[in-house]
Each structure stands twice: as structure tokens, then as C-alpha cells.
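>>> missing the sequence, but the structure's below:
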């Protein structure tokens, strides 16, 4: 499939002229005051997620040009190719089918994908049966997931988010850092006879994961553990290596599942253990509903498309270099970290599909912290700093905690911060001036439950797809992860020998100080 890179389309030139012709000076305050229909035009209900985009620096003319850009870049065709199972991950010659992991067993998929869908549901059934067995086993009090990247961030984020639905009597732990302090802290809180270790590595060779897994097994044996097969399970395709490790229970997945898109697969086993099979099914169903919205909604009413195009507008035409994610829900406290990997690993690329260097910017820096903590930390910069940072507020209308008075305070703070960023405040003294017109998006859930979380995560996945498709990059490889790993393999033995041959002066000097 031939795709036209964004800067080679007529719409790109039109957007450049539009930005230079006054769009930089667009004032969302005036737009809201002058146009009583702006909120309706720039808000939208999608499956399980309501979005208000009206406080952003965008108008109807801008959105028309951005939609034209999407069409000229072939976003629709690229989307349809993904859902058809085409190998759109061109640098690795792989399909991109994380969406298939949440499709119902009777979903009308292309005939060529029917065997893959059947395999997905066979694996899902086996994984969920195992999860239910663990949930019913009162002897297992702790579950320790050992993984890194997508094998940690997604399951950890979702398990924390859905704590309200978690089975009592099971404590969930996540270990990813090769820094032994993290694993040691978890091991101090568990007992070998009551702990199940989940080793999450597609190849069963990931350096950090295998170092932690080996240390966990050594600890288990030293503490009197005798049945590795009962207390360890693997989420991997390398069954032979898992068996050599002593593991007999394995659940696999496929090369068309990227790590940062894998929480829907066997990598989601800790989520399933925590919340149970029915709730895990609701998580998948919420994501599938968003998949269908992305697949079928017209571009102008397609929320992932609108958000992805807004990201392109801010990054390439208004020059905003980062985006802040501020979830006003304690359960979503790891969502910013999850989104960092999803967006920056997907779209942090500097060459196009042909390997040619790009003359424009791609992924922004994604960062954040839950409200209201962030209000007492970095919101000072958001309100009065020299950089304009678009903010994404995420809130749930209903709370689950049952504590009176807290939810109105929380929601009032979220609404007030978005209002303050928009309106600002003039002050003769200067120090209390708030410039205002600081853009924000508000994503609202009715409540944080498995279905709404599934829809929210799928919304972000497809949004990243859209901006990557416009930029003409491959959002599904991650070659930038490799170089540091290779160099670490060379440096590690040098720490024991002090050999600095061939190293640059800085690395050599630091290594000698660490020997």
C-alpha cells in the first residue's frame, strides 16, 4: 500500500498557511464566548468516553483542513489495512492485530483471520480458566508479575485501575526494574508457599526479566520452596526455555501483538487473576466497542481521529512539544506512565517508512501525575510558565469509595483547573497574572470500570495510530530500544575487569570509578 507522507500533501501546505495566517493567535475564550454552538461542535460521545475538545486552540476551518490531511495521507486505508490483517508493520514484516484480541468469538473477520481468532479464544479460555483456579486457591495469597515494558506497564496500570473489582485475599505485585531493590522489597512481603510468580517475556530472554526471574526462583528454593511448577507460570512463546527453567504452565501470544499493545493477551493474566473472567471479558468488550467506533465512524465524528489530528496540529503547526495527562482518579495513577510507552515508543521516530529523515516533528513528550497532587507540583508551570503545554483531564462522574464529600471536591478541582487554564486572570502587579488560553481536553467516564477502562485504552491506541499514519512512520516497531541493551552487554563484564579498551573517555572514566 502506497501512503503519501503528510508534508507532501496539498493539505499540509494549506495548514501551514492557515497557521501562519493567524491560527497561532486563536483564542479559545473568545471562541466559546462568541459561538454558542462551540461546545456541541467540539465535544463528542464515543463508546464509554465523553470528550470535550472545546477549550482547544482549534476551530471548524482548522478541523476541516486536518480531516483533509488525514484523507490525503490515507489514514482510512491504513486503518482498514490494519483491520484486514495486512502487514502494516513493514520494518518487521508483521501484521498489527491487537484489536483481534478483544474481538468476540463470532466477530465477522476476514476469512483469512478466522483461524487466528479461533486461536485467540482458545488461549483466552485457557488463561481465564487458570486465572479462576488461582482466584479459588486460598493457599495463594500473593501474585508477583515479573516483566518489563509492555509486560509490566499495561497489566500494572489496569490492575491498579480496577482494584475495586479485585478478589479479596490476593495481593498483586509488579517487578520490572533490574535494580534488585525492587524485587527485594517485594520478596520481603511474601512467603514462598503462598506466592505465584508470573514470568512475562515473549521470548523468555528479556535480560531484565530473566535476571529477576532467576533471583526469584533462587529465593524460592532458599526459603524452602520445592514445587517450582506450581508456584511459577510463564507468559511466553518460548515453551522450551520455560520448561528448562522449571515452568510447566505457559500461555503464549503471537508476533502480531506488540508489547505495548499486549495487556489484552496472555500478558493480561495478572489482570484476570485480580478481577476475574467476567470482568476481564468486560474489559475486552469495552475495547472492542472503541475498535468498532474507530473502524466505522466517519472521520469527522471519529474520536480517535479527531484527537490524533489535534496532536498533529499542536506538534507541527503550533509547536507544542509536550502534553500533560492529569487523571483525576486515584485508580489511574499509572496511566501517564503507560501512555508514555504507548505514544513515545510508537511515534518517537525520526525517519519515514522509506527510512528517509523527517523534516518535521513527531511524538510529543507525554507526562503527568494524578490530580490533585499535580496541582501542588507542576501546575504552576502549566498556568504561568513560558511554555504552552496542552493538558488532558480524565475524570469519572461516579466514585466507588463511598466516602461522602470527596467526589464533588475532586470533580470541582478538575473542572476549576481546566477553567483556570482557559480563562486566566489579569493582575496589575504581574506576579499574579495568568495568561489563560492554555488548551485542554476533558475526557469523562461515567465510572471507572472494566468496560470504560478498555474503551479508554483503545481510544489512546487508535489515537496514536492516527498521528503516526499522518506522519508516515511505522508506529509498531521500536528499534530505538535495542542499542542501549547491546552496549550494556559489552559494559557489564568490563565492570569486573576494568577493561576500558575502545570506550569513549567519559564512559571509560565512569566505569573505572564504578569498578
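It's in. Note that this is a predicted model, so its numbers are computed, not measured. Numbering: from 1, shown residues only.

>>> look up the closest residue to residue 110, ignoring the ones flanking it.
residue 84 (5.7 Å; C-beta to C-beta, 6 or more residues apart in numbering). For every residue, glycine as well, the C-beta is placed using N, CA and C.

>>> could you look up the SS state of the closest residue to residue 260 other than its chain neighbours?
Closest residue in space to residue 260, ignoring its immediate chain neighbours: residue 150 at 4.2 Å, by C-beta to C-beta, 6+ apart. Using DSSP: H, G, I helix; E, B strand; the rest coil, the structure places residue 150 in helix.

>>> what's the local residue count around residue 150?
24 (other C-beta atoms under 10 Å).

>>> got the contact list for it?
258, 259, 260, 261, 262, 263, 267, 341 (C-beta atoms under 8 Å, 6 or more residues apart in numbering).

>>> what helix or strand does residue 45 sit in?
strand 43-46 (DSSP states H and E).

>>> gap between residue 442 and residue 12?
Distance, residue 442 to residue 12, using C-beta to C-beta, to the nearest Å: 29 Å.

>>> higher neighbour count, the two?
The neighbour comparison of residue 442 against residue 12 (other C-beta under 10 Å) goes to residue 12, with 23 against 20.

>>> identify the residues contacting that one.
6, 69.

>>> helices and strands around the strand or helix carrying residue 159, which ones?
Using DSSP H and E, residue 159 sits in helix 153-161. Contact here means 3 or more C-beta pairs under 8 Å, 6 or more residues apart in numbering; DSSP states H and E; on that basis helix 153-161 packs against strand 171-175, helix 269-275, helix 335-340, helix 450-471.

>>> if you set the cut-off to 7 Å instead, what comes out?
helix 269-275, helix 335-340 (3 or more C-beta pairs under 7 Å, 6 or more residues apart in numbering; DSSP states H and E).

>>> tabulate the ones you listed (a markdown table), appending distance to residue 461, mean neighbour count and mean pLDDT.
Formatted as a markdown table, the helices and strands packed on helix 153-161 follow (distance: least, C-beta to C-beta, whole Å; neighbours: other C-beta atoms under 10 Å; pLDDT from 0 to 100):
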| stretch | distance to residue 461 | mean neighbour count | mean pLDDT |
| --- | --- | --- | --- |
| helix 269-275 | 16 | 27 | 98 |
| helix 335-340 | 10 | 22 | 98 |
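
>>> of these, give the one that comes closest to residue 65.
helix 335-340 (26.7 Å; C-beta to C-beta).

>>> summarise which helices and strands that closest one is packed against.
With 3+ C-beta pairs under 7 Å, 6+ apart as the test, helix 335-340 has helix 153-161, strand 322-328, strand 365-368 packed against it.

>>> picking that back up, rebuild the helices and strands packed on helix 153-161 as TSV, extending it with distance to residue 478.
Shown next, in TSV, are these (distance: least, C-beta to C-beta, whole Å):
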stretch	distance to residue 478
helix 269-275	23
helix 335-340	13
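
>>> show me what the nearest residue to residue 443 once chain neighbours are set aside is bridged to.
Leaving aside its sequence neighbours, residue 443 sits nearest to residue 394 (C-beta to C-beta, 6+ apart; 4.7 Å). Beta bridges link residue 394 to residue 327, residue 443, judged by DSSP bridges.

>>> who's in contact with residue 328?
370, 371, 393, 394, 395, 410, 413, 414 (C-beta atoms under 7 Å, 6 or more residues apart in numbering).

>>> would you map out the domains in the chain?
Per automatic domain parsing, the domain ranges recorded for the chain read 6-71+297-471, 98-279, 481-514.

>>> end to end on the shortest one, go ahead and measure it.
Think domain 481-514. This stretch, domain 481-514, spans 24 Å end to end (C-alpha to C-alpha, to the nearest Å).

>>> for that domain, list every residue counted as buried.
Neighbour counts over domain 481-514 (16 or more other C-beta atoms under 10 Å) mark 491, 494, 500, 503, 508, 511 as buried.

>>> quick one: classify the fourth one as helix, strand or coil.
Spelled out, it's residue 503. What three-state DSSP gives for residue 503 is coil.

>>> check contacts around it.
Contacts of residue 503 by C-beta under 7 Å, 6+ apart are residue 511.

>>> show the model's pLDDT score for it.
On the pLDDT scale, residue 503 is placed at 98.

>>> can you count the residues close to residue 415?
14.

>>> show me the contacts for it.
No contacts exist for residue 415 under C-beta under 7 Å, 6+ apart.

>>> residue ranges with poor pLDDT in this structure?
Along the chain, the parts satisfying pLDDT under 70 run over 1.

>>> which parts of it are strands?
43-46, 49-52, 142-146, 171-175, 195-200, 232-235, 250-251, 322-328, 365-368, 391-396, 440-445 (DSSP state E).

>>> which neighbouring elements make contact with the first one?
What that stands for is strand 43-46. Using 3+ C-beta pairs under 7 Å, 6+ apart: strand 43-46 touches strand 49-52.

>>> cool, and the last one?
Using 3+ C-beta pairs under 7 Å, 6+ apart as the contact definition, the elements that strand 440-445 packs against are strand 49-52, strand 391-396, helix 406-423.

>>> coming back round to it: could the helices and strands packed on helix 335-340 be laid out in CSV, adding distance to residue 242?
Shown next, in CSV, are those (distance: least, C-beta to C-beta, whole Å):
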stretch, distance to residue 242
helix 153-161, 18
strand 322-328, 36
strand 365-368, 34
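
>>> out of the ones you listed, deepest packed?
Of those, the one with the most neighbours on average (mean count of other C-beta atoms under 10 Å) is helix 153-161, at a mean of 25.

>>> got the angle for that helix vs strand 171-175?
150 degrees (axes from the mean of the first three to the mean of the last three C-alpha atoms, to 10 degrees).

>>> which residues touch helix 153-161?
145, 172, 174, 262-263, 267-268, 270-271, 274, 331-335, 337-338, 341, 448, 453.

>>> end to end, how far does stretch 89-108 reach?
23 Å.

>>> and stretch 102-112, by the same measure?
Span of stretch 102-112 from end to end, C-alpha to C-alpha: 17 Å.

>>> flag every buried residue along that stretch.
Neighbour-count burial for stretch 102-112, with 16+ other C-beta under 10 Å as criterion, is recorded at 102, 103, 107, 109.

>>> dump these to a markdown table, plus distance to residue 355.
Output for the buried residues of stretch 102-112, formatted as a markdown table (distance: C-beta to C-beta, whole Å):
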| residue | distance to residue 355 |
| --- | --- |
| 102 | 33 |
| 103 | 33 |
| 107 | 36 |
| 109 | 32 |
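
>>> pull out the buried residues from stretch 248-261.
250, 251, 252, 253, 254, 256, 257, 258, 259, 260, 261.

>>> which among the residues you listed gets closest to residue 48?
residue 261 (18.9 Å).

>>> could you verify my assumption that the closest one touches residue 461?
Yes - between residue 261 and residue 461 there is a contact at 6.4 Å, judged by C-beta atoms under 7 Å.

>>> could you measure residue 382 against residue 216, distance?
From residue 382 to residue 216 the distance is 41 Å (C-beta to C-beta).

>>> ok, and the closest non-adjacent residue to residue 363?
residue 347 (3.8 Å).

>>> number of residues surrounding that neighbour?
Neighbours around residue 347, by other C-beta under 10 Å: 22.

>>> mind listing what it touches?
Contacts of residue 347 (C-beta under 7 Å, 6+ apart): 362, 363, 464, 467, 468, 471, 473, 475.

>>> you'd agree the last one is up against residue 465?
Going back to what we said before, that points to residue 475. Yes - contact criterion C-beta under 7 Å: residue 475 and residue 465 qualify, at 6.1 Å.

>>> who has more neighbours, the two?
Using other C-beta under 10 Å, the more surrounded residue of residue 475 and residue 465 is residue 475, with 28 against 24.
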